[in-house]
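Visitor: Pasting the sequence and the predicted coordinates here, then a few questions.
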Amino acid sequence: MKPGRLMRLTGLVRKEWLQVMRDPSSLAIALALPLVLLFIFGYGVSLDAKNVPIAVVVEQPGSQSNAFAASFFNTPYFQPHMMRSVQEAEEALKRAEVQGIVWLRSNFDADYLSRTSPPIGVIVNGVDANTARLVEGYVQGIWFGWLDKQAELSGTRLKPPLQLEQRIWFNPEVRSTDYLVPGVVAVVMTLIGSLLTALVIAREWERGTMETLLVTRISVFELLAGKLIPYFVLGMAGFFISLAMARFLFMVPIRGSLLLLVAVSALFLLVALGMGLAISTVFRSQFVAALVALVVTFLPAFLLSGFIFDIRSMPLVIQGITRIIAARYYVSMLQTLFLVGNVGFILLINSLYLLGMATIFLGLTYLKTGKRLD
Amino acid sequence: MPHQPTAQTLAAAPDFPSTSVEENKAVIEARGLEKGFMQAQKQVHALAGLHLNVGPRQVTGLIGPDGAGKTTFMRLCAGLLRPDAGKLQVLGLDTVRQTLEVQARIGYMPQRFGLYEDLSVQENMDLFANLHGVAHDRRAERYQRLMEMSGMEPFGKRLAGKLSGGMKQKLGLMCTLVRSPKLLLLDEPTVGVDPVSRRELWQIVYRLVEEEGVSVLLSTAYLDEAERCAEVALIHQGTILGQGSPASFRVKMQGRTWKLHSGAISSRRLQMRMLRHASILDALVLGSSLRVVTRQGIALKPGDLSEIDDLTITPLPPRFEDFFLAALRDDEEVLTPPAPLEITQELEQNTAHPVVQRPFVSQMDASSDASPAAATAIIQADKLVRRFGSFIAVDQVSFRVDRGEIFGLLGANGAGKTTTFRMLCGLLPISSGSCTVAGVNLRHAASAARAKIGYMAQKFSLYGNLSIMHNLHFFSSAYGLRGKHRSERIQWALDSFALKPFAEVPSQTLPLGYKQRLALAVALMHGPKVLFLDEPTSGVDPLARREFWQHINQLAEQGVTVLITTHFMEEAEYCDRLVIMAEGRVLAEGTPADMKREYGGHGEASMEDAFIGLIKASESKEVPT
């Protein structure tokens, strides 16, 4: 180690730390942001459809039609509203009071009893395609369930030649929270990491302190390390908050090793901090740097990391672009470590990608930060 | 390159013991230094073949206006920039190849010293001690000494952001000095600092030279600071115009500076006539008399300039600034006098006793009851208060300004000048107190008052990427001028301020002096009766500043009332009357001569002496309470 390096580094880190402690904005980014984002995504955003309001139109109540309609009340997925006419239901659909209509015609009972299969009309609001598909599926599920029960009652149980035995691995309850929360952790880490450092070098330029620093004996390495160390600590604090919330508030299981989880997160934090530093070094203005950080790190992490939108269903060009989004590799590792376990191959490949990216961003910053003003 | 000491450099440091030839080597040697930048898609030559030797163990002043190349040269010396051409050695080291070695030996304080405002005084010093590698066991002693030198001891725990401008500057210097450097580079350390702190900063610098043998290169735009340096290098447009002791500059100007006083015409009338005179290089209004510099080889004796009635001529000691002017103007064939400014037809009609009447009213008593026209107050401020939250920016400020006066608001940065101004212009609501401008009460009819005033803001507020013509078009329509009247006013602006040749040039590429003319033209588009000028001359070179004041004098002659803020002490002398402000309060009101007599101790005292005397007096008054 060069003489005096430790002293200079301690000085810089101490200064940065004092600034963080006195400036609530850094603390807010590191500690409050994960809380807010995880609350919003953990509770507010759910891809499961529950309590979906639907209209059940029974034109002429009869024993069969009433029994069928009643089955909609016994499920947590629907919140049925009984209606007399389909016109009334259509109006409700237009006013978005219900998401779908299940329509039992007046001849339902008669046809059912006469064994000429009676039609059920199902109208679904397709504006929200995701919910529409779920409603469609659930209605079908109820229909088959009811048929099954009817057959049992009448003793003529249907015996299909093939029986589908469905198992869902890693998330048997298909709780969207379980795979959303690890994704949100990735988004949070991207945001904390890049935003924290995007501001700090630009701030030195804006306040004129950079010129003063450059004439001292600090080297570029010390300058950057002096920035990285405190914000790494702060970023990891944010990570542990997110982790605790995921585990104890949202009850997401951690099936892989906790140590590995911390390790890959630390690696990803380095990438995010590196992106922030690179942005800050290039733009030298806090306002521009913050905007750029949001657009080039947060938005892609949100849209292109595969945390909400499946990468395989994207057009090929976009799929190619996702390869340069660091959050994609982190999301994949987080989902593996939280829900599956230690899958060596996945962790290794993704970690290598992240390592490469950290090197590129930090290297770029190193080269771009000169000890001169021109 | 062996250094050949010139007669000038030897004469420069007579107070210091002679040392061996080895030790007398120049600490900075610049040979043919060039540095350019791209600015607004234009190549700007900040330094154009600069030669300079800076001697050891003395204060060398690098003096020149903004944009002369001072900061660029300082940054080159600190190894922060790379020269385009030429050679630069600092302490015998090459600044390009041995940057770190240079930086280990020098202390550099940039113009805007980057203090960490959210750290305390002590924490800032600890940081820089760490960065400069000062051993822990030697810190206590050094801190003690710095605190004692700067008088900052009671403020160790205070956050740097909560210090006054002068104290911040001192803290910046202390942080630079956490270890004793061989060479200290100070880039405009005194700009905008109050005169008391300015004196203290100079004291610290002197002590460093005397007690630690530090060599200091200090840049400044204040020409009057030249006298405080052992040696001075005058920089203009990237080259050195001259180098030597301040005395050597003055000697060159011996026998060319005079005081003129006419009992018959006002000093401003006299100035206008003198500036057109073939043998006069420069003429400045100083109260009731005129300070003139004659062209090379021309001496004045009683009886000269007989075309002026009742004229007395007395020789004056030359000043450093005279040399600067002479260096720039001696080559000019004939001085171009400013074009006569005609304000508006409307104003002339309103002027019952136009220009001809005023010369017989002497400047000194213009504000007294001698002239009934002048006695009507055009601006009356009464116990003005402006609060920002719990902070009182302007505290019970009262003064009156009479018609046709040039009235100054003098004070350091942060004294409340600009806030007072904004209230007077109706740009900022008044917290309490009352204020009338041109007979309109600002509390009730701010917009009516605004139509009668012209305002030139600190940073000129021009549209940089619009041409002069477009700026004039825009502002004239913003003031509600239309049709024929509007085109006449635009023509007037182009003619009066000689802007025609540049009419189509984007205003951001203009030299500062032209920008200033354009800003003044814009403020005068609607023919206002009152003109507000907020620090109009800061950063402008002395030539442009003089031209600007000539315009102002002409306006005053035509009955326009001018209110001006400034932190240049010498500019206060150009005002008829002024108030001195500090910490939001008016400390004194009166003519410059009154102020100097009353607070400076004697009639020949400078405005700065008066200012410091006044501050001291007001501080001692506060102690008992």
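Guide: Sure thing, it's come through. Residues are numbered from 1 along each chain as shown, chains lettered A, B, ... in the order given.

Visitor: Could you count how many residues lie near residue A:130?
Guide: 9 (other CB atoms under 10 Å in any protein chain shown). C-beta: built from backbone N, CA, C; applies to glycine.

Visitor: isn't there a helix covering it?
Guide: Yes. According to DSSP: H, G, I helix; E, B strand; the rest coil, residue A:130 belongs to a helix.

Visitor: can you tell me how far it sits from residue A:176?
Guide: Separation of residue A:130 from residue A:176 (CB to CB, to the nearest Å): 11 Å.

Visitor: Same check on residue B:177?
Guide: Distance, residue B:177 to residue A:176, by CB to CB: 62 Å.

Visitor: Kindly report the residues of chain A close to chain B.
Guide: A:3-4, A:7-8, A:10-12, A:14-15, A:18-19, A:22-23, A:204, A:207-218, A:371-374 (CB under 8 Å from any CB of the partner chain).

Visitor: Now list the buried members of the residues you listed.
Guide: The neighbour count (16 or more other CB atoms under 10 Å in any protein chain shown) marks A:4, A:7-8, A:11-12, A:14-15, A:18-19, A:204, A:207, A:209-218, A:371 as buried among these.

Visitor: now residue B:283, what's its secondary structure?
Guide: Three-state assignment for residue B:283 (three-state DSSP): strand.

Visitor: what about the residue nearest to it when sequence neighbours are not counted, which helix or strand?
Guide: Nearest non-adjacent residue to residue B:283, counting by CB to CB, 6 or more residues apart in numbering or on different chains: residue B:274, 4.1 Å away. Following DSSP states H and E, one finds residue B:274 within helix B:267-275.

Visitor: what's the spacing between residue B:173 and chain A?
Guide: 12 Å (CB to the nearest CB, to the nearest Å).

Visitor: if I pick that residue, what's in contact with it?
Guide: Residue B:173 is in contact with B:109, B:113, B:150, B:186, B:189, B:201, B:204, counting by CB atoms under 8 Å, 6 or more residues apart in numbering or on different chains.

Visitor: Any idea how many residues pack against the fourth one?
Guide: Using other CB under 10 Å, the number of residues around residue B:186 comes to 27.

Visitor: Now stretch B:459-478: average pLDDT?
Guide: Mean pLDDT, stretch B:459-478: 85.

Visitor: now stretch A:228-246
Guide: In this model, stretch A:228-246 carries a mean pLDDT of 94.

Visitor: With pLDDT, secondary structure and distance to residue B:516 as added columns, please give the contacts of residue B:173 in TSV.
Guide: Shown next, in TSV, are the contacts of residue B:173 (pLDDT from 0 to 100; DSSP: H, G, I helix; E, B strand; the rest coil; distance: CB to CB, whole Å):
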residue	pLDDT	secondary structure	distance to residue B:516
B:109	92	strand	29
B:113	74	coil	28
B:150	87	helix	36
B:186	95	strand	27
B:189	90	coil	25
B:201	91	helix	29
B:204	92	helix	34
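
Visitor: want to try JSON lines for these, with distance to residue B:486 as columns?
Guide: Output for the contacts of residue B:173, formatted as JSON lines (distance: CB to CB, whole Å):
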{"residue": "B:109", "distance to residue B:486": "50"}
{"residue": "B:113", "distance to residue B:486": "47"}
{"residue": "B:150", "distance to residue B:486": "56"}
{"residue": "B:186", "distance to residue B:486": "49"}
{"residue": "B:189", "distance to residue B:486": "47"}
{"residue": "B:201", "distance to residue B:486": "50"}
{"residue": "B:204", "distance to residue B:486": "56"}
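
Visitor: near chain A, from the residues you listed?
Guide: Among these, chain A is touched by residue B:113 when using CB under 8 Å from any CB.

Visitor: Poorly predicted segments of the chain, please.
Guide: I'll assume chain A. When residues are selected by pLDDT under 70, those of chain A lie in A:1, A:46-49, A:115-118, A:155-166, A:168, A:173-174.

Visitor: that's the other chain; I wanted chain B
Guide: B:1-24, B:39-41, B:330-375, B:539, B:602-603, B:621-625.

Visitor: interface residues of it facing chain A?
Guide: B:37, B:75, B:78-82, B:99-100, B:103-104, B:106, B:108, B:110, B:112-119, B:123, B:126-133, B:175.

Visitor: Emit the ChimeraX select command for whichever of those residues are buried.
Guide: Paste this into ChimeraX to select the buried members of the residues of chain B next to chain A, with burial taken from 16+ other CB under 10 Å:
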select /B:75,78,79,80,81,82,99,103,104,106,108,110,113,114,115,116,117,118,119,123,126,127,128,129,130,131,132,133,175
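
Visitor: would you list every one of the helices in the stretch 51-200 of chain A?
Guide: Counting by DSSP state H, counting those that start in this stretch, the stretch 51-200 of chain A has these helices, from start to end: A:63-70, A:86-94, A:108-113, A:129-153, A:176-206.
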